[in-house]
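> I'll drop the sequence and a predicted model, then ask my questions.
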Amino acid sequence: MPDFKQNIIQRINHQQKQGLYRQRKIIDSAQSVRVQFEGKDFLNFSSNDYLGLANHPKLKEAFKKGIDLYGCGSGASHLMSGHTQAHHEFEEHMAEFLGVEAVLLYSSGYMANLGVMNSILTKSDTIFQDKLNHASLIDAGLSAQANMKRYSHLDYQHLKTLIDKTQSGYRFCVTDAVFSMDGDCADLTTLTKLARKYQSILMIDDAHGFGVLGEKGKGLPELQNIQHKAIDCYMATCGKAMGVAGAFIAGSNDFIDALIQFSRTYTYTTAMPAAQAVALSGSLTLIKEESWRRKHLQELITYFKQCAEQINLKLMPSDTAIQPILIGDTNQAVHLAEDLYQKGVLVTAVRPPTVPKNTSRIRITLSTEHKKSDIDYLFECLMKSLYKT
């Protein structure tokens, strides 16, 4: 029998040789466009805090108020004694905001995605996934009892062909709204039409769109003029644009009730701290009231793309706050990220298996708290790093 410890060491060594070794960065400051790391100040282009709410004074005040009211921990699952008025109020306010019947809070987006697919699908059903869906959606599909088929990225003719070949059981179509490593978006108009035609269940993961896209921040459905109630299962996370943590599922009363009954990742885990739910309600208020954050972010995205065009830097096709620079070679992407780090810019080199082989990239994310001068400095550093001037 092979030595288990030695096998682990060999796998880690292989990661290092391939340029795929992962390390955590220990940040010494609050999340913002400027952070402290290893005693140095960095300009941060590596965060999903799109609206700059993670360190917002009103959210910190709401969190503190929640602790005063409810303490630090929930103590039990939602179905035991951990479900508080704070959780309930957030779910009701979010449902009203999205125009759906009900909302259910989860501790994370990963748990929400696993919870949905593992609770409502059987062996006779089929899941259809975009090939570039987030790992949590892929893992959820693999762990569910249903069959899983993956269609080419944004290729809805391929999806239609796969659906046509499926004769039995329920059809469950799931996609990211904004693809987290590419920044491009799904076509919800086409997907909702396909779902209606084939009587399929449609699930949208809008982790990177909610709060950011649409005039009111209701995400990709609002941007593409799709009502949320036309989507059977709408998932969004609370740790990106909302600036806190957690996730929620929005849908019909019956769908949410089914999750309460059968979703193991909801039933068998301690509820998120009630103080966190209080902070989430505060975040939702800011998303409603401070539309200038989305407007300014869009202006920064436009400016970023203009700067890239001026130096003939080819970007991936994205109009969102996720602006990847495709490098291809893994080691080159790592070296570019390290070079930018030496210049005081914090970016992430994204490598396989997060992205397909030979598509390693620098993933740049913009926040409404960035200034145009920050983008200018980023491109100044990119020019020096890419062209070694």
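Thanks, I have the structure now.
> Now the residue positioned nearest the centre of the chain. Nearest residue, chain neighbours left out?
Nearest residue to the geometric centre of the chain (CA atoms, centre = their mean): residue 207, 3.5 Å. Nearest residue to residue 207 in three dimensions, chain neighbours excluded: residue 237, at 4.3 Å (CB to CB, 6 or more residues apart in numbering). Every C-beta, even on glycine, is put in place using the N, C-alpha and C of the backbone.
> Residue 192 contacts residue 232, doesn't it?
No - the criterion here is CB atoms under 8 Å, and residue 192 misses it with residue 232 at 9.9 Å.
> number of nearby residues for residue 8?
A count of nearby residues for residue 8, using other CB atoms under 10 Å, gives 10.
> check which helix or strand covers it.
Secondary-structure assignment from DSSP states H and E places residue 8 in helix 4-17.
> Residue 104 now?
strand 102-106.
> and the gap between residue 192 and residue 324?
Counting by CB to CB, to the nearest Å, the gap from residue 192 to residue 324 is 27 Å.
> okay, the two: which has more neighbours?
residue 324 (25 against 21).
> Does the more buried one belong to a helix, a strand or coil?
Going by DSSP: H, G, I helix; E, B strand; the rest coil, the secondary structure assigned to residue 324 is strand.
> what residues go with each domain of the chain?
25-51+291-387, 57-289 (automatic domain parsing).
> The nearest residue to residue 249 once chain neighbours are set aside: what's it in contact with?
Spatial nearest neighbour of residue 249, excluding adjacent residues (CB to CB, 6+ apart): residue 104 at 4.8 Å. When contacts are counted by CB atoms under 8 Å, 6 or more residues apart in numbering, residue 104 touches 91, 248, 249, 256, 259, 260, 266.
> Residue 119 is in contact with the fifth one, correct?
Yes - in this structure residue 259 lies within contact range of residue 119 using CB under 8 Å: 6.0 Å.
> more neighbours, the two?
Neighbour totals were compared for residue 259 and residue 119, and residue 259 leads with 22 against 18 (other CB under 10 Å).
> Torsion angles phi and psi at that one?
Here is the backbone geometry of residue 259 (degrees, to the nearest 10): phi -70, psi -40.
> Please list all residues in contact with it.
Going by CB under 8 Å, 6+ apart, the list of residues near residue 259 reads 104, 115, 116, 119, 120, 249, 266.
> Which single one of the residues you listed is nearest to residue 278?
residue 104 (17.6 Å; CB to CB).
> For the closest one, report the pLDDT, please.
pLDDT for residue 104: 98.
> Who are the contact partners of residue 93?
Applying CB under 8 Å, 6+ apart to residue 93 gives the contacts 281, 284.
> cool, and the one 10 residues further on?
By CB under 8 Å, 6+ apart, the residues touching residue 103 are 90, 91, 92, 94, 95, 248, 249, 250, 256.
> Nearest residue to the fourth one in space, please, no chain neighbours.
I take that to be residue 94. Closest residue to residue 94 apart from its sequence neighbours, by CB to CB, 6+ apart: residue 103 at 4.5 Å.
> separation between the one you found and residue 274?
Using CB to CB, residue 103 is found at 16 Å from residue 274.
> If you count contacts, what does the helix or strand residue 41 falls within end up packed against?
For residue 41, the element it lies in under DSSP H and E is strand 40-44. Helices and strands touching strand 40-44, by 3 or more CB pairs under 8 Å, 6 or more residues apart in numbering; DSSP states H and E, are strand 34-37, strand 345-346, helix 372-387.
> same thing but 6 Å
strand 345-346 (3 or more CB pairs under 6 Å, 6 or more residues apart in numbering; DSSP states H and E).
> Tell me which residues are up against the strand it packs on.
Contacting residues not belonging to strand 345-346 are listed as 42, 43, 44, 46, 378, 381 [CB atoms under 6 Å, 6 or more residues apart in numbering].
> Identify the residues contacting the first one.
Residue 42 makes contact with 35, 344, 346, according to CB under 6 Å, 6+ apart.
> ok, now with 8 Å
34, 35, 36, 341, 344, 345, 346.
> For it, give the beta-bridge partners.
Beta bridges link residue 42 to residue 35, judged by DSSP bridges.
> quick one: it from residue 277, how far?
Residue 42 is 32 Å from residue 277, by CB to CB.
> And for the third one?
Spatial separation of residue 44 from residue 277 under the definition CB to CB is 27 Å.
> For these two, indicate the residue with more neighbours.
Neighbours were counted for residue 44 and for residue 277 using other CB under 10 Å; residue 277 has more, 28 against 23.
> helix or strand for that one, which one?
Applying DSSP H and E as the criterion places residue 277 in helix 274-289.
> State the next helix or strand along the chain beyond that helix.
Helix 274-289 is succeeded, C-terminally, by helix 292-310 (DSSP H and E).
> Buried ones in that next one, by neighbour count?
By neighbour count on 16 or more other CB atoms under 10 Å, the buried set for helix 292-310 is 293, 294, 296, 297, 298, 300, 301, 303, 304, 307, 308.
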